[in-house]
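Trainee: can't give you the sequence, but here's the structure:
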């Protein structure tokens, strides 16, 4: 199709469409150039404080000045190599999970299982490493820790909850139903409050869980309940014949689920699971209400600095851009999976 | 005779369940026990008696009730609940309208228009809601001062203290107008049912929408004028440093409204788009080949089928919006979590009781919304014959 016919068909197919197109072009022409000026061409990127931003555009210097906190929070400078190591190994920990054609995928999968434990060890410290209390963590580090940690740890839990909800044992399924529906019925904020204010009351003396871990527990519980419903959808989509065939082969309950049902059910739920994971990743920013300094928390702390007053728009746009990159990337990945899944099924049907 | 046989499934199920329930009961007992001990050690009294104590703090936003600081914590709870329900209701309505519009626009044949809607959807749904709320709030409180308010038309004024809008003053006779609206809606429902039945029996169609719309619009207007125009608007007037009269909508409410509806609308638009696309092409082609008009195809073929796909996920978006209204705490909107779950909790120290009440309330709200949406959902599902 030539460019001319494409334009005619998609932009000027009728007089109404032509008017709409012209209005939008006028709207874009009057919005985009000033926006770009503000964002890039007239922005100040390096300055010592607010007064250094003399141009009309955005004052991005605040981001540069606070870049360490945005990346690491208040992690001690001499130990920061540990966080850098965690960041550097992150692709190796994630790629084998999401990239099927990765070379040496099997070996890397082993690493992906070890990686979360390595992260805990590196960040907290332990034998051979000085301890860094989690109240020093912040910024992107905390956002990724809560987001990815919550998603990864909640996944097996949601599978068990989904299996439990569909269990034929009435007591087990009742417990799972009550748990799932309760968690899904209340806002995440109340769970975070619950963790931060009430958990200390519930635990015996001497057993102290720090704030970050309490938030992580709340996030995990929340994600597990939402994930469980997605997995349940996948389980329900399995044809009855699969169960009957597995039972006819004499497989036990766990053998049947592990080898026959779950591999198929999880495969079709992956796109939906990725979508709930995106939701959770965004929701981790709620931890600012219990006083944790994730990306958003660090941003708000930067705004309170008298050297950088009234730069709300810059800071919020910057943080929004980071979240957008992660979430949009993940949603593209989920879309790609969905398409791949459809073509896979098509080829099987032929 | 009773035989212990571990290969017997029924027996195994009983054993496993007894074990799980036992463990759970023990765990709960342990928690209750330690909690009681901890509470006693910290000298925290339990019970709901504190609800009657005077709260002693102010609430910034209480549109339905003239709250004063000497009111009890229970009143704080009620005010917070009212604010939560208000923003949820208003937000759901706005999000539905915006979401349906954007969803339909995304299917527009105009490439530029559908791209624009796509950009809106991707930007708003990939950025945390709390960030969007903070953004709107920051924009609103950095607006010009009251003296230099931005005028929107004749009687709406936007400034750093929120939105000043006209206040509707309902006269005594306005109750007749309300009653008429109520009656015409009931009439519309019955007329729709009757018309549907008639159509199924005889095939005769009535201009249903036109008649209902006209009756709901015209009769109340007639009654309005007969009863002596009992509705007045009190415009806000700038006097000195502040506006006098009119309705003052605080920036927290405006930010919540914008944030919640714009965020949720992007999800709803995707649901609407998927719903419309789910109606198979064959249905539309079949309708066209029967010679049906475009309008009839839309109203009788596409929309009824699309709604079946749209309503269940739409329900969960309403639930999400209601739960997300708890983010008001980040910008100081005096909802359930902020007022009762936040300030009351901190003042009384009754963390367990306050959180339990807040969580239970959200559960009740969620279950109520699901209940009504399920009824609606059932009414539009396919009747299998």
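Mentor: Done, it's in. Everything numeric here is computed off the predicted structure, so don't read it as measured data. Residues are numbered from 1 along each chain as shown, chains lettered A, B, ... in the order given.

Trainee: so the nearest residue to residue A:176 once chain neighbours are set aside, which of the three states?
Mentor: Spatial nearest neighbour of residue A:176, chain neighbours left out: residue A:164 (3.7 Å); criterion: Cβ to Cβ, 6 or more residues apart in numbering or on different chains. All C-beta atoms are positioned from the backbone trio N, CA, C, and that covers glycine. Under DSSP: H, G, I helix; E, B strand; the rest coil, the three-state class of residue A:164 is helix.

Trainee: The one 4 residues further on now?
Mentor: On the three-state scheme (three-state DSSP), residue A:168 is labelled coil.

Trainee: can you give me the helices for the stretch 51-200 of chain A?
Mentor: A:61-65, A:67-72, A:80-98, A:105-124, A:139-165, A:170-185, A:188-193, A:199-202 (DSSP state H, counting those that start in this stretch).

Trainee: C-terminal to the last one, which secondary structure element comes first?
Mentor: Think helix A:199-202. helix A:211-237 (DSSP states H and E).

Trainee: Output the contacting helices and strands for that following helix.
Mentor: The helices and strands touching helix A:211-237, judged by 3 or more Cβ pairs under 8 Å, 6 or more residues apart in numbering or on different chains; DSSP states H and E, are helix A:139-165, helix A:170-185, helix A:188-193, helix A:262-283.

Trainee: follow-up on the earlier one: distance of the residue nearest to residue A:176 relative to residue B:11?
Mentor: 20 Å (Cβ to Cβ, to the nearest Å).

Trainee: Among these two, which residue is more densely surrounded?
Mentor: A count of neighbours by other Cβ atoms under 10 Å in any protein chain shown puts residue A:164 above the other of residue A:164 and residue B:11, at 20 against 14.

Trainee: which residues touch the residue nearest the centre of chain A?
Mentor: The residue lying closest to the centre of chain A (Cα atoms, centre = their mean) is residue A:281, at 2.8 Å. Contacts for residue A:281 (Cβ atoms under 8 Å, 6 or more residues apart in numbering or on different chains) come out as A:143, A:147-148, A:151, A:323, A:326-327, A:330.

Trainee: ok, those vs chain B, which is closest?
Mentor: Closest approach to chain B among the contacts of residue A:281 (Cβ to the nearest Cβ): residue A:327, at 3.9 Å.

Trainee: Quick check: closest non-adjacent residue to the closest one.
Mentor: residue B:126 (3.9 Å).

Trainee: thought that neighbour was touching residue A:323?
Mentor: Yes: in this structure, residue B:126 is within contact of residue A:323 by Cβ atoms under 8 Å, at 6.8 Å.

Trainee: Name the residues contacting each of those two.
Mentor: residue A:282.

Trainee: Would you mind naming what in the stretch 101-250 of chain B lies close to chain A?
Mentor: B:109-113, B:116, B:122-123, B:125-132, B:134-135, B:138-139, B:142 (Cβ under 8 Å from any Cβ of the partner chain).

Trainee: among those, which ones are buried?
Mentor: B:110-113, B:116, B:122, B:125-132, B:134-135, B:138-139 (16 or more other Cβ atoms under 10 Å in any protein chain shown).

Trainee: Show me the shaky parts of chain A.
Mentor: A:1, A:206, A:344-350 (pLDDT under 70).

Trainee: could you redo the last one with a cut-off of 50?
Mentor: Residues of chain A that meet the criterion pLDDT under 50 lie in A:348-350.

Trainee: ok so, going back, using CSV, lay out the helices of the stretch 51-200 of chain A together with distance to residue B:373.
Mentor: Listed next are the helices of the stretch 51-200 of chain A as CSV, based on distance: least, Cβ to Cβ, whole Å:
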stretch, distance to residue B:373
helix A:61-65, 43
helix A:67-72, 41
helix A:80-98, 35
helix A:105-124, 39
helix A:139-165, 21
helix A:170-185, 14
helix A:188-193, 21
helix A:199-202, 34
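
Trainee: all helices for the stretch 101-250 of chain B, in order.
Mentor: Under DSSP H, counting those that start in this stretch, the stretch 101-250 of chain B gives helices at B:111-125, B:129-141, B:174-202, B:208-226.

Trainee: Go through the third one and flag the buried ones.
Mentor: Read it as helix B:174-202. B:174, B:176-177, B:180-181, B:184, B:188, B:191, B:195.

Trainee: can you check the last one too?
Mentor: Within helix B:208-226, the residues that qualify as buried are B:208, B:212, B:215-216, B:219-220, B:223-224, counting by 16+ other Cβ under 10 Å.

Trainee: Residue B:80: helix or strand, and which one exactly?
Mentor: helix B:73-106.

Trainee: and the angle from that helix to helix B:111-125?
Mentor: Using axes from the mean of the first three to the mean of the last three Cα atoms, to 10 degrees, the direction of helix B:73-106 lies 150 degrees away from that of helix B:111-125.

Trainee: so what does helix B:73-106 touch, helix or strand wise?
Mentor: So helix B:73-106, by 3+ Cβ pairs under 8 Å, 6+ apart, packs with helix B:111-125, helix B:251-278, helix B:303-324, helix B:351-380.

Trainee: Let me know which of those is tucked in deepest.
Mentor: Highest mean neighbour count among these (mean count of other Cβ atoms under 10 Å in any protein chain shown): helix B:251-278, with a mean of 22.

Trainee: Quick one: mean pLDDT for that helix?
Mentor: For helix B:251-278, mean pLDDT is 93.

Trainee: does chain A sit close to that helix?
Mentor: No: using Cβ under 8 Å from any Cβ, helix B:251-278 stays clear of chain A, with a minimum separation of 9.8 Å.
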